[in-house]
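Q: build me a model:
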Amino acid sequence: MQHAHPGSSVPPVRGKSHNPGLPLRVGTRGSPLALWQTRHFLGLLRTFCPVLRTMDVFEEHVIRTTGDATQEAGTRLADIGGKGMFAKEIHEALADGRIDFAVHSLKDLETELPPGIVLACTLKREDARDAMILGPRCGAVDPANPLDALPRGATIGTSSLRRQAQLLHRRPDLKIVTLRGNVMRRIERVAEGFCDATLLALVGMNRLGLAHHAGAVLDTDSMVPSSCQGIVGITVRADNTELRQLLTGIEDPEAKAVSLAERAMLAALDGTCHTPIGALARVQPQGGLLLTGLVARPDGSFVLRRSVEGPAADAAQLGASLGASLRADTPSDVFA
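A: All right, here's what the predicted structure looks like:
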């Protein structure tokens, strides 16, 4: 199938096992950020294929996931099965043919997708850094040492073992309490005094117009982000070749390369959801790929950070190599 272009007709894009036709049904979580990402993606698709602008061709299907259902209980994601819990029900709907494709924060996708489901498209990566939301007990922020704004013994609300481990490695005096919920709810919890500070992905705050709540932004040298943080990914059924080909028209090549490297590193580490892991790949000015990975103990007593560089065309191999290297030099109890 040729890519769509102005004046083209809309091809049948349902999977082979389903009746072709319109509308195209897109699955998404129901959080404000998830809906923003879904509508942003659909806007890109309409721009790429102008004929879609004049037709009512998309249906949003909001799907409540296990990860969403457990947020109110304050349960750590690691205790209910890890990041895949934000995609399980969505991929069940995709496999059953109730939706045609699904939009995700790529950091929430497990490295091994369910049979018959593929990652068909990655969108341009936005800011991958973490931001700190600071409560009234926190002091002035020194951009060179933003963690110094946290008073001694400060309580930090987070459910991310990656953030917890890196914070405690530098500031073992800090106290960690579990905090989950959507972006705005976590900001509100700090203002209510539940904790002195929390950390959020800056990209989500930017997308929701909430970046003014960030008291400090942590550079990726001091806080290695989650693998694929800031990247939106689209999954489809593997047999839906026409939709997969259509989506290649809006895929960002750089996002594809860095996500390949970061997800390959995760797969090689094969850590459990209780293993703090960070990853960040960046395409260098000369075209090479620099990949940084981190493995730690949740209490911060062990942190191993390492980088490799090579051709962007070898992204997956670079990720696998770095993952193997990190695993070889990490105490076995970290992966228990």
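Q: which parts of the protein are strands?
A: With DSSP state E, the ranges of strands along the chain come out as 24-28, 58-62, 101-105, 117-122, 130-134, 155-157, 175-177, 197-201, 216-218, 232-237, 277-283, 288-296, 303-311.
Q: buried residues of stretch 43-54, list them for me.
A: If you call a residue buried by 16 or more other Cβ atoms under 10 Å, then stretch 43-54 has these buried ones: L44, L45, R46, C49, L52. Glycine gets a C-beta too; all of them are placed from N, C-alpha and C.
Q: any weak-confidence spans in the stretch 151-300 of the chain?
A: 272 (pLDDT under 70).
Q: hmm, 50 instead?
A: Counting by pLDDT under 50, the stretch 151-300 of the chain contains no low-confidence residues.
Q: contacts for stretch 158-169, please.
A: 76-78, 130, 147, 156, 174, 176, 178-180, 198-199, 222-224, 226, 274-278, 294, 296-301, 303 (Cβ atoms under 8 Å, 6 or more residues apart in numbering).
Q: actually stretch 252-268, sorry about that
A: Stretch 252-268 is contacted from outside by 106, 111-112, 122-125, 227-228, 231, 233, 277, 279-283, 289, 291, 293, 312, 315-324, 326-327, using Cβ under 8 Å, 6+ apart.
Q: just the buried residues of the residues you listed.
A: 106, 111, 122-123, 125, 227-228, 231, 233, 277, 279-283, 289, 291, 293, 312, 315-316, 318-323, 326-327.
Q: picking that back up, make a ChimeraX selection of the buried ones in the contacts of stretch 158-169.
A: Selecting in ChimeraX just the buried members of these, where the criterion is 16+ other Cβ under 10 Å, is done with this command:
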select :76,77,78,130,147,156,174,176,179,180,198,199,223,224,226,275,276,277,278,294,296,297,298,300,303
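Q: thinking again about what came up before, looking at the strands of the chain, which is closest to L210?
A: With distances scored as Cβ to Cβ, the stretch of the strands of the chain nearest to L210 is strand 197-201 (8.6 Å).
Q: pull the distance from the closest one to the chain's centre.
A: Here the centre of mass of C-alpha atoms in strand 197-201, compared against the chain's by Cα atoms, centre = their mean, to the nearest Å, lies 15 Å away.
Q: give me the sheet partners of it and which way each runs.
A: Strand 197-201 pairs in its sheet with strand 130-134 (antiparallel), strand 155-157 (parallel), by DSSP bridges.
Q: need these in CSV (columns: distance to G97).
A: Rendered in CSV, the data for the strands paired with strand 197-201 read as follows (distance: least, Cβ to Cβ, whole Å):
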stretch, distance to G97
strand 130-134, 38
strand 155-157, 40
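Q: most neighbours per residue, which of these?
A: Each of these was given a mean neighbour count from mean count of other Cβ atoms under 10 Å, and the largest, a mean of 25, is that of strand 130-134.
Q: run through who's touching it.
A: So strand 130-134 is contacted by 141, 146, 149-150, 163, 186-187, 190, 196-202, 205, 211, 213-218, 223, 225 (Cβ under 8 Å, 6+ apart).
Q: distance between it and the chain's centre?
A: Computed by Cα atoms, centre = their mean, the separation of strand 130-134 from the middle of its chain amounts to 17 Å.
Q: pLDDT on that strand, on average?
A: Mean pLDDT, taken over the full extent of strand 130-134, equals 98.
Q: what sits against the most centrally placed residue in the chain?
A: Here the mean C-alpha position of the chain is nearest to the C-alpha of K107 (Cα atoms, centre = their mean), at a distance of 2.3 Å. Neighbour list for K107: K83, S226, S227, C228, Q229, I231 [criterion: Cβ under 8 Å, 6+ apart].
Q: next one: S325
A: The contact partners of S325, taken as Cβ under 8 Å, 6+ apart, are R306, V308.
Q: distance of it from K256?
A: Distance, S325 to K256, by Cβ to Cβ, to the nearest Å: 23 Å.
Q: now swap in D221 and tell me
A: 25 Å.
Q: compare those two (neighbour count), which wins?
A: When D221 and K256 are compared on other Cβ atoms under 10 Å, the one with more neighbours turns out to be K256, at 19 against 9.
Q: and that one, how far from A120?
A: Spatial separation of K256 from A120 under the definition Cβ to Cβ is 11 Å.
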